[in-house]
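Undergrad: Need coordinates for the following:
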Amino acid sequence: MRPADAALAGSCAAFVLVPTLGPLLSDGEGYDTGPQSPIAPPGYAFGVWFPIFAACAADTVGRVRQPQEGDEATRWPLVAAYAGNTAWALLAQTDHYRPTPAVLSAAAASSALAVRRLEQRGAGRGTTPVAAGLLLGWTMLASAVNVTTEARRSGLVNSDPLATPLDVAALVAAAGAPLAVVRRRGPGVGAVTTTATWGLATTAVTSQRPAGVRALAAVAAAALVAAVTRPTRG
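TA: Purely as a prediction, here's the structure:
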């Protein structure tokens, strides 16, 4: 196995195994959820990680077993994305939350770079737009949630369930970023839309969230669906 392939395989394996096995090895005490962000999707929505893990693992296995020339453009951005998400999981499992917003945001940016390179150079391997897109759509929203959660944890904003200007700004950014990706109509837009819309829609239907947040999330989810289903011109 080439060193570059080993780096991809190792980072993907850690990305999948650390968040899933860590809580099991610690008797289910892997994460202290702390204060709840009013823009966070409900607990069941985080089950989306399993199809994300599956898609990323399948793409990585295919890359290692049958390398293609087009793999080079997205290899290192995906390595960085997987490593960043692994680092976030390790920090969260060990109660080191302060750096998590920066770490998760950097991981999302790495996924965005992978998707951008797919747009610029063509999809090539069919599994890569799915893996990178699913990961990007979810981690953009997760990054926004993480920022507002850490702001509460550190006392920067009130820990009550009401939405603050920071929460609203984070939700707008979390909706606007995938919408910008989807409007470019490049490879992976369907995958980006799937996970981003899932997170926004589940927030919108959660009665425990503030009414304004639910309405904004619903509008954002509808805008994403409309953008991806709108016929292309020409």
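
Undergrad: does the residue nearest the centre of the chain count as helix, strand or coil?
TA: Centre of the chain computed as the mean C-alpha position; nearest residue by C-alpha atoms, centre = their mean is T139, 1.6 Å away. On the three-state scheme (DSSP: H, G, I helix; E, B strand; the rest coil), T139 is labelled helix.

Undergrad: That one and N85 touch, don't they?
TA: Yes: here T139 reaches N85: they are 7.1 Å apart, a contact under C-beta atoms under 8 Å. Every C-beta, even on glycine, is put in place using the N, C-alpha and C of the backbone.

Undergrad: Residues that sit against both of the two, list them.
TA: With contacts defined as C-beta atoms under 8 Å, 6 or more residues apart in numbering, the residues adjacent to both T139 and N85 are 104, 107.

Undergrad: is it true that A114 touches G84?
TA: No: assessed by C-beta under 8 Å, A114 is found out of contact with G84, at 11.9 Å.

Undergrad: Please pull out the lowest mean pLDDT helix or strand from this protein.
TA: helix 3-25 (a mean of 87; mean pLDDT, DSSP states H and E).

Undergrad: list the buried ones in the helix or strand just after it?
TA: Next along the chain after helix 3-25, taking DSSP states H and E as the criterion, comes helix 49-65. By neighbour count on 16 or more other C-beta atoms under 10 Å, the buried set for helix 49-65 is 49, 51-53, 55-57, 59-60, 62-64.

Undergrad: Name the nearest of the residues you listed relative to E150.
TA: Comparing the buried residues of helix 49-65 against E150 with C-beta to C-beta places W49 closest, at 19.7 Å.

Undergrad: Not counting sequence-adjacent ones, nearest residue to the closest one?
TA: Once flanking residues are discounted, W49 sits nearest to P19: 7.0 Å by C-beta to C-beta, 6 or more residues apart in numbering.

Undergrad: Now do the same contact list for the one you found.
TA: 49, 85-86, 89.

Undergrad: Which of these has the largest number of neighbours?
TA: N85 (29 neighbours; other C-beta atoms under 10 Å).

Undergrad: Isn't L179 up against A226?
TA: No: L179 lies out of contact with A226 (C-beta under 8 Å); the separation is 9.7 Å.

Undergrad: These two: who's more crowded?
TA: Per other C-beta under 10 Å, whichever of L179 and A226 has more neighbours is L179, with 18 against 11.

Undergrad: Give me the neighbour count for the residue lying closest to M140 once chain neighbours are set aside.
TA: In this structure, M140 finds its nearest non-sequential neighbour in A177, 4.8 Å apart by C-beta to C-beta, 6+ apart. The local packing of A177 (other C-beta under 10 Å) involves 20 other residues.

Undergrad: so for the helix or strand in which A177 is found, what's the average pLDDT?
TA: Per DSSP H and E, A177 falls inside helix 165-183. What helix 165-183 shows for mean pLDDT is 90.

Undergrad: From the contact counts, what lies against that helix?
TA: Packing partners of helix 165-183 (3 or more C-beta pairs under 8 Å, 6 or more residues apart in numbering; DSSP states H and E): helix 100-121, helix 127-153, helix 189-204, helix 211-229.

Undergrad: So for V172, which of those helices sits nearest?
TA: Smallest distance to V172 across the helices and strands packed on helix 165-183 (C-beta to C-beta): 7.3 Å, for helix 211-229.

Undergrad: quick one on the thing from earlier: and the buried residues of helix 49-65, which two are furthest apart?
TA: The largest separation in the buried residues of helix 49-65, counting by C-beta to C-beta, is between W49 and V64 at 22.0 Å.

Undergrad: This completes my enquiry, with thanks.
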